[in-house]
Each structure stands twice: as C-alpha cells, then as structure tokens.
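Colleague: Just to be clear, the model below is a prediction. Sequence and coordinates:
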Amino acid sequence: MTRFLTPAKIGLLALIELYTEAVVPTSSTIPVLSFILKQLIPSTVKTQARSSSSLEELPFLLDLNAFETLLMAHPAATGLPGRTLWDQFLSKLWKIDSLDGLHEFFSKRTNLLARTAEEAKKDAELDIPPPSPDMIILSRTSPFGSFVRRSKVEFERLRFSDALALWIAFTKWRQETKAYYQRRNEAMGRWAGDKALEQGVEEWGPPATEMLELVAYGVENLLDTGEGTTSTDDVEKLLEFQVEQMQKFGNRIPFEVKDKFKDVMDHSITVPSLSHYLNFLDAWRAGDYPTSFDNLHRYFDYTMNNRDRLFYQYALMNLAVLQADFGCYDEAVAAMLETVSTARENKDMACLNFALNWLYHFGKTHPKLVSGSESTNMLGVEREGLAFLRVKAKETGMWTLWSSSLLSEAKLGMSSGESISTAFENILKSSHLIVDKNMKSMMGPQMAMCSSLWGRLGVTQLSRQYCEIFLSCHARYALFDDALRFTCRIAHLLAEKGRYEEAMKRVESLDENSLRSWKANQYWLKYRGILRLKWDLHKNNLDGAEHLLTQLLQSSGVDTDPDLSFEINNLHIDYLIRRTDYGKALAKIEKLASDMKEEGDDINLRVKLLTMKAMLQQKSGRPQKGFSVAVRAASIAWRARLIPALWIAMGAIANILNSLSEFQAASQILVAIIPRALECENYSANAQLYSFLVDSHMGLAGLAEAGSLKRKENLTKCLEYIDRSFSEYSAIEDTKGQCEMMAKKATVMRVLGDKVLANDYASAYLDLKKEAALAVA
C-alpha cells in the first residue's frame, strides 16, 4: 500500500489534464470540476444537505464506473466528431503503456502548472516555447495545483518496488475498459497497454510473451482489481470521516461499514493510530468499558510519542468523559481537574473552556461529587460561572460554547423560577447566534429549551410542534440523543392523552443502528418501560406494574437522567397510592423533597411534589392537613408561571375547600380554571378537576332544600360533570377513575329517586370491575 498514490488518483490527474487542454466543453465544466473537487476536498460537501445527485453517491474508493458515469454523458470539445469525454479520458489512460511511460506521465505534470519567474526565465534561455493560449494554466496554490504538485513529489519519493506495484495496480484497474477501447480503436492489439510485451511478441512468440506477462504481473487474471487501489492517505481520510460522523451523531459504526473498513485495513501494512481512537469510540458507544479504556490508552500512547505533551489535555478530557459515562465519578472529576491544569499550562483556551463547561454541568447533575458542592446551590455563584464561560467563549470564538452558555442561563432562570422574559431573551440571543454561525448541531438544545418553556407556560400544542419540527427538519444534522429525547417527549404527550399504542410506535420507530449505542439504548428501554408502567397503572394491573417498577427502580441510580428518575419515582408514588399504602407514599415524597432541597433541583419538580403531598392527604381522609402545602404550591407555581402545575394545585385547594363545606368557593375556583386546564391536554388532571367539581355541586345540592329547583339544578350539573370526567378517564383507560365516576353517578340517581337507573349504573360499575379483572388476568 502506497502512502498517497493510487490508480484512481492517476485517473484524476488524467482528468485534470483534459480540463487544462480545454477538451471539456463549457456546459460540462461544473460537473467535471465538482467531481474532482469532491475527491480532493471532501470536507466541502460534508456540511451540505443530503442530495440525490450522482455526485453525492460516489463510492469512497473511486472505480472506473464512477468516471464513466460522469464522462459518458458529455461530448468532447475537440477531436473526432461523436467522441465523448470518456473516449478522451481512456485515451489518456491507455497512452501510459509502460513503467517508463508512468514516469514520463508524472514528469510532465509540471507542464500543467503556472511557471515561476525563475522557471520562465530558464525556459526563455533554452528557447522553450510558452504554453498554448488555449491551455488552462493551474495556479500552484489552487486545489488542483496542490494536488498535482503533491502527486509528482509522492511519485518521485517511491521506491522502485512501490512504483512497480503502482504500475501493476494501474494496469489491473484500467483492464475492464480494454474491450470498449478496442472497439473504438480497431488498431489495438492483444498486448495493448504494455509497450514491452507489444514490441517483444514478434521476437518471443505468443506463448513466451504470455509466460513473461504472468511473471511480470504475478497474476493469471488482470481483472482482479482488489489490490493496490487503496493508499494510506485514503485510509486516514476514511478514519477521520468515521470519527467525525460518530462524534457528530453519537452513533456506532454500522455493521456493513465496519466490514468494509476491516477489509481495507487488512491490506494496510501500517495501522494508523487514529484507528485506535475509532475503536475507542465504538467500544464506548457499545458500553464496553475495558476495551474502550484500552484503545484510548493505545491511541494517546502513539500521540504522545509523536507530539510530546501538546495533546495530553485531550487525553485527560476523553478519559474524564469516559469515566463519567461508566459511573466512575470520582475518577472523572479528578481527570477533568487535571485537564483544566494542563490546558492552562499549554494555553489551550478551547480545551480549558470545554473542561470548565463540563465541570459546571457535571456539578449541576452530581453536586455531592464535586468539591465545594455546597456553593452550587447559590444562584449567584452559578450565574457568575455561566457569565465567565460566556465571555471566554465569545473572546475565543467558540460559538457552540457561547450558545450553550446562553441556553444554560435560560435553563437556570427557569429552574429557579425567575422571570420568563429573561429566559426568552437568552433563548433569542442563542437562536440568533445559531442562525448567524450556521450551527446546525445546536438546534437540538435550542428547540428543546423552547419546547420546555412553552410546556411550562401551558401551551402544550406549541411545545409539541417544536418537537415535530426538530424531527422533521433538523434531526439529520444533530446528535441521535437529541432525536431520542424529542421522540420520547412526543410519546409522553401522547400517553397523557391515552394514545399509548401510538406512543409506543413512535418510540419503536427509531433507527435500529443508532440504538446500538449503549447509553441511548438504556434510555430507550427505560422510557418504553415507563410508558408500559403508566398504561398498567391506569388499567389497574398492579401486579404487572410492580414487576416493571422493580426493574426501573433498580436501574435508576445516580447516572439516570433526572427527568426519567423523577418520572419513575412519580409512578412509584402513584402505585403505592393505588395499593392504599399511604404511609410509604408519604415517606417517598418526603425523601424526594429532601433530596431536591439539597441538590437544588428544578422548581417545577418541587411544585409537583408539594401538590402530590396535598392530594395524598385527601386520599388518606385528612384533606385539611394539606391546605398549607397546596397554597404554597399554588403560590410558587404562579410566581414562576408554571401554568399546568398551578391548575393542579388550585384543584387541590378546591378539594380542601369542599372538605370544609365551602362548596360555593370551590366551584367558583374550578369553573375558572378548568377551561384553561383543558388547554394543557393532560387528561388525568382534567378528570380530577371535573371530579372535584362534581363534589362541589353535590355539596351545594346537599345544602339546598329537598325537592327544590336549586337542588335539582346542582344534581343535573353533577351528572354533566360526571360524564365529562368519565370521558377523560376513558380516554386514558383509567379503570379506577371510571369506576369511581360510575359509583358517583349511581349515587346521584338514587338521590334523584330514579332507582332503576341507579341500579343500571351500579351494574355498569360491577361490569367495569369485572372487565378490569379479566384484562389483568
């Protein structure tokens, strides 16, 4: 395997020569130049949108079919009529008829370049005529000129054995076009393309010539084009591309690409050190800690030998991120702190800013594990840290870090219940920066923040639209983790509407190869378990729910996503309440509240816990004990503009007022909040609010005189709101809620004196119980 030159690069040199000789017509210039540039500067097309054009579908290792597809469609500007650029191209290839011809081909490459002043003076002294005016001269510093000069230098550096190997590989590479070229040029003989064999056949005879061909080329079949078509430069570019793709999208190498890559590496004598880094990334994504650790050390061992300590901080940074992903948090913090020290020593501001940003976010997620973690609860300290990162990112031109700092400030403000307008301001600044610098990879965090903000404000439809827009327009440029979280967010919104099957389909429609990544796969499995658990709880399948909960609680350690962890704990509390184990449920709520107070978690989660505590007191028959808690939750939710949480907290207050016989006040509160709560599209909360409103009107009916019109009006309203609550419970398939509403309806009918309908609804209640029991069985 040569360092740089391959038969395909000889083909590119021949095509560049055609272009300089003005053989390419004007209409064909752009396709031809695009074809060449895509091979010389592949990074120019990496950031472009995916296209269905033939240029985007070129193989990584060029074969003659790619040249034929391009050139056959374009006529030649000079030469015989009816000839295409493909014919002219083959003519260039077949004129190289010996190893000496190959040397001559490369020695003439300098004629394509612009002459320097010294070369022009020397040519004038030797009476060498200047190039033809029709010829296109290449600048030495242009992409074409640089490629031509490097090719010539690389060929001159080849040992004789390597030059001979290149010549043999070239003859094999062009062999498949021999039949076509013979048809277009009838004068070609059996030994065309090899000057020595063609001239010696008359003297030696065909048998001896064939024997000499076998000895010279070492093969019986020249159509075997597998060897010699890859250079070390091609392998390194392939490695760089694979590493970039894995870092950009967070995926593992697909099986088919891995197999092809292995075939290429088998023909390589030297193994590039970057291959160890690629193996490290693949093992890391696969969750194979020992292999990833070993390959990371191998890669940076080679790097240290070649580049001293210039890249030592990046070795430490990779090690820290790896340790953190596998739960070795103390080692991760120690490695990242050493990264900060080394980056300061080497004055590497990019690495330093990244390390500081990582430490900030790690400290937010695991405050107990970072030294001086007691300061992370102080809002001023966090804001100062983010401001420092933002300023440094702006100074060093790290636009991604700058945008991330702005979004972190918005998130900090939202989680601490500060001004919504300030959060919008930071999000808008980040959006402007992303659009101005064309940072497509940052669209995921940006749109996630927008979706979360609108969800907190109660505009659920807009929140979901942000998720859909990201998946439709931006997912192909972003990390797979972003696509996974947006898909799970949509599945969560669907589950709140009772569309469990559709939610499961959305989650299961994700790319299988991307889910081979260990971390993404764990998140995906847990979310599928959460959806199934929620479905089982609503169906009152408590045995199945207990089985799922056991698995989810075992896997919800310190490395679990905070949102997933809270959702699992929330469903655990719901399970305990459905088991009427109120003591354990209250203990669980108190423990979660204590942990959140220590770690300074999101205020939205704390409000939800307070509301759950107030609702639990009502379930246990002591609603008045939850009054102060419910008022506190409503006050915090209103101050922080947590609209969905506010309506649930107000519903808890109304329920407490019902227990205090303040039915009129409770009904006024509920009538005011229910229309706005319906906009949040949380069917479970809607059903609860309607149930509380039923209790209010039932209380008002009890205060009215027997047989009065007011009593009848209130009982009629009870029936209306029972139907609405039953409809909401039916949508989410909540069997327990349906039975409760049916029992209330039977009671109302008995109060109205309609015993027949009361018995019918009582029978319906029993039927629902039986259906639920059969479904569980």
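Modeller: Looks like it arrived, so ask away.
Colleague: Please work out how many residues are found near Ala758.
Modeller: Using other Cβ atoms under 10 Å, Ala758 has 18 neighbouring residues. (Glycine included, C-beta is placed from N, CA and C.)
Colleague: For it, give its distance to Asp723.
Modeller: 16 Å (Cβ to Cβ, to the nearest Å).
Colleague: Likewise for Asp602?
Modeller: To Asp723, Asp602 is 36 Å away according to Cβ to Cβ.
Colleague: Between those two, point out the one with more neighbours.
Modeller: Set side by side, Asp602 and Asp723 show more neighbours around Asp602, with 21 against 14, by other Cβ under 10 Å.
Colleague: quick one: contacts for that one?
Modeller: 414-415, 562 (Cβ atoms under 8 Å, 6 or more residues apart in numbering).
Colleague: likewise Arg606?
Modeller: Each residue near Arg606 by Cβ under 8 Å, 6+ apart is listed here: 593, 596-597, 636.
Colleague: Just those: which are in helices?
Modeller: Using DSSP state H, the members of those that fall within helices are 593, 596-597, 636.
Colleague: Closest one to Leu62 out of these, please.
Modeller: Met596 (58.9 Å; Cβ to Cβ).
Colleague: close enough to count as contact, the closest one and Leu609?
Modeller: Yes. The criterion here is Cβ atoms under 8 Å, and Met596 meets it with Leu609 at 7.1 Å.
Colleague: Please identify which of these two sits among more neighbours.
Modeller: A direct count of neighbours by other Cβ under 10 Å for Met596 and Leu609 places Leu609 higher, at 23 against 17.
Colleague: and Leu113, backbone torsions?
Modeller: The phi/psi pair for Leu113 (degrees, to the nearest 10) reads phi -100, psi 150.
Colleague: what's the burial count for it?
Modeller: Leu113 sits with 20 neighbouring residues when counted by other Cβ under 10 Å.
Colleague: Can you check what pLDDT the model gives Glu57?
Modeller: At Glu57, the pLDDT value in this model is 53.
Colleague: likewise Lys262?
Modeller: If you check Lys262, the pLDDT there is 75.
Colleague: Quick check: which element contains it?
Modeller: Element membership for Lys262, per DSSP states H and E: helix 255-266.
Colleague: Can you tell me which helices and strands the next helix or strand along the chain from that helix packs against?
Modeller: Next helix or strand after helix 255-266 toward the C-terminus (DSSP H and E): helix 274-286. Contacts defined by 3 or more Cβ pairs under 8 Å, 6 or more residues apart in numbering; DSSP states H and E place helix 274-286 against helix 232-249, helix 289-307, helix 312-325, helix 518-538.
Colleague: show me the contacts for the closest residue in space to Leu471 that isn't next to it in sequence.
Modeller: Spatially, and ignoring its direct neighbours in sequence, Leu471 is nearest to Phe486 (5.6 Å; Cβ to Cβ, 6 or more residues apart in numbering). By Cβ under 8 Å, 6+ apart, Phe486 lies in contact with 444, 447-448, 451, 467, 470-471, 475.
Colleague: Mind checking which of these land in helices?
Modeller: Short answer: the contacts of Phe486 in helices (DSSP H) are 444, 447-448, 451, 467.
Colleague: Let me have these in CSV, extended by pLDDT, distance to Thr550 and neighbour count.
Modeller: Below are the ones in helices among the contacts of Phe486 laid out as CSV (pLDDT from 0 to 100; distance: Cβ to Cβ, whole Å; neighbours: other Cβ atoms under 10 Å):
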residue, pLDDT, distance to Thr550, neighbour count
Gly444, 92, 33, 21
Met447, 95, 35, 24
Ala448, 94, 31, 19
Ser451, 95, 32, 25
Cys467, 95, 31, 23
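Colleague: Would you mind giving those residues as TSV with distance to Asp194 added?
Modeller: Listed next are these as TSV, based on distance: Cβ to Cβ, whole Å:
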residue	distance to Asp194
Gly444	57
Met447	62
Ala448	63
Ser451	67
Cys467	64
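Colleague: If I look at Ile269, what pLDDT would I see?
Modeller: 58.
Colleague: show me what contacts His474?
Modeller: Neighbour list for His474: 440, 443-444, 447 [criterion: Cβ under 8 Å, 6+ apart].
Colleague: ok, it to Thr342 distance?
Modeller: Counting by Cβ to Cβ, the gap from His474 to Thr342 is 35 Å.
Colleague: ditto for Lys152
Modeller: 41 Å.
Colleague: Also Phe255?
Modeller: From Phe255 to Thr342 the distance is 38 Å (Cβ to Cβ).
Colleague: What of Phe105?
Modeller: For Phe105, the distance to Thr342 - Cβ to Cβ - is 49 Å.
Colleague: Equivalent analysis for Ala286, please.
Modeller: Relative to Thr342, and taking Cβ to Cβ, Ala286 is found at 29 Å.
Colleague: which one of those two has more residues nearby?
Modeller: Set Ala286 next to Thr342 and count neighbours by other Cβ under 10 Å: Thr342 wins out with 21 against 17.
Colleague: The more buried one sits in which helix or strand?
Modeller: Short version, using DSSP H and E: Thr342 is in helix 329-346.
Colleague: Give me the helices and strands touching that helix, please.
Modeller: Partner elements for helix 329-346 (3+ Cβ pairs under 8 Å, 6+ apart): helix 312-325, helix 349-365.
Colleague: need those in CSV with distance to Val751 and mean neighbour count, can you?
Modeller: Below are these laid out as CSV (distance: least, Cβ to Cβ, whole Å; neighbours: other Cβ atoms under 10 Å):
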stretch, distance to Val751, mean neighbour count
helix 312-325, 62, 21
helix 349-365, 55, 19
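Colleague: Out of the ones you listed, which gets nearest to Asp511?
Modeller: helix 312-325 (20.7 Å).
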